[in-house]
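Student: only geometry, no sequence info:
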């Protein structure tokens, strides 16, 4: 039996920092562990406060990151960020299994590729080296974001 | 030949989140890869802007985290934080090998246990599973800090 994968999807995944350093064969071996979901404009993909155990790659489209903010007793949903094709969300939840920090809503027709915590862990069973490399990449991405946030908070605090 | 390790050091390392989930034997196998350094009050342990490839555990003592801040053209060193026994620093640098974001200075006589990037990597050679667990723990710690910073920046921005 032959399974024909979308070459474009493989190329897309190879360009993701999470899979940096992986061979073509390694990326191909991961693709069967991934799901695809399609959302319409306005659809909520993740809801703030809900448990999330999946990592999302935006394959096509864009989403907004919304957070309920309490401003003087009034709770409003504020837009924190917009994410586009090639961006990811859910990295933190997949690592420490905590409720989502924000709501993710599609701004247009959006296709996401998804890997669950469970399926990510499966990689460790058939190739621990690949799994370790992915976790290293994930840690590096989160670390990079922490650096950015550190700088931001310092500039907010002292300017 | 017998090597007698400090039982207190082993217990200390076992209590560190970086080594969470590791067996006694695994922690013992890491100890020979670690160095000890002793600093006096006022000593600079890490200097902002310098490359750092080591992860530090404060075994005894306390340090301050200082950052050069440009406030209306005048550069001053401001204290961002104080770290105590059981705290760590250098996690981000060890993962993405970037210059230090801050200066670390001893506030009193301080002993640190240190593992270099190179020695951390050595663990992967003799026990990939242990290494993977450590990297997972590291990612989780950084992720936890990112969550805190996210919340902080939101409260600064919207309050």
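Tutor: Cool, the structure landed. These figures come from a predicted structure and were not determined experimentally.
Student: for chain B, see how far away the nearest residue to residue A:116 once chain neighbours are set aside is.
Tutor: Spatially, and ignoring its direct neighbours in sequence, residue A:116 is nearest to residue A:54 (4.9 Å; Cβ to Cβ, 6 or more residues apart in numbering or on different chains). C-beta: built from backbone N, CA, C; applies to glycine. Separation of residue A:54 from chain B (Cβ to the nearest Cβ, to the nearest Å): 15 Å.
Student: which SS class is the residue in chain A that chain B sits nearest to?
Tutor: Across chain A, no residue is closer to chain B than residue A:139, which sits at 3.6 Å (Cβ to the nearest Cβ). When classified by DSSP: H, G, I helix; E, B strand; the rest coil, residue A:139 comes out as helix.
Student: residues in contact with the closest residue to it other than its chain neighbours?
Tutor: Spatial nearest neighbour of residue A:139, chain neighbours left out: residue B:139 (3.6 Å); criterion: Cβ to Cβ, 6+ apart. Residue B:139 is in contact with A:95, A:135, A:138, A:139, A:142, counting by Cβ atoms under 8 Å, 6 or more residues apart in numbering or on different chains.
Student: mind listing residues that contact the helix or strand bottoming out on mean pLDDT in chain A?
Tutor: Least confident helix or strand of chain A, by mean pLDDT, DSSP states H and E, is helix A:91-96 with a mean of 80. Contact with helix A:91-96 is made by A:51-55, A:98-101, A:117, A:120, A:138, A:141-142, B:136, B:139-140, B:143-144, B:146-147, as judged by Cβ under 8 Å, 6+ apart.
Student: go again using 7 Å as the cut-off
Tutor: A:52-55, A:100, A:117, A:120, A:138, A:141-142, B:139-140, B:143-144, B:146-147 (Cβ atoms under 7 Å, 6 or more residues apart in numbering or on different chains).
Student: so residue A:149 is in contact with residue B:151, correct?
Tutor: No - Residue A:149 lies out of contact with residue B:151 (Cβ atoms under 7 Å); the separation is 10.2 Å.
Student: is residue A:51 in a bridge, and if so with what?
Tutor: Here residue A:51 shows beta-bridge partners residue A:99, assigned using DSSP bridges.
Student: residue A:122: what secondary structure?
Tutor: helix.
Student: quick one: it from residue A:116, how far?
Tutor: Relative to residue A:116, residue A:122 is positioned 9 Å away (Cβ to Cβ, to the nearest Å).
Student: and for residue A:38?
Tutor: 18 Å.
Student: same deal with residue A:130?
Tutor: Using Cβ to Cβ, we find residue A:130 at a distance of 17 Å from residue A:116.
Student: and what of residue A:30?
Tutor: From residue A:30 to residue A:116 the distance is 12 Å (Cβ to Cβ).
Student: looking at residue A:38 and residue A:116, which is more packed in?
Tutor: Neighbours were counted for residue A:38 and for residue A:116 using other Cβ atoms under 10 Å in any protein chain shown; residue A:116 has more, 17 against 13.
Student: wait, isn't the more buried one in contact with residue A:53?
Tutor: Yes - Residue A:116 sits in contact with residue A:53 when judged by Cβ under 7 Å, with a separation of 5.9 Å.
Student: ok so, going back, pLDDT score for the residue of chain A closest to chain B?
Tutor: If you check residue A:139, the pLDDT there is 89.
Student: same deal with residue A:159?
Tutor: 63.
Student: which residues touch residue A:108?
Tutor: So residue A:108 contacts A:41, A:61, A:62 (Cβ under 7 Å, 6+ apart).
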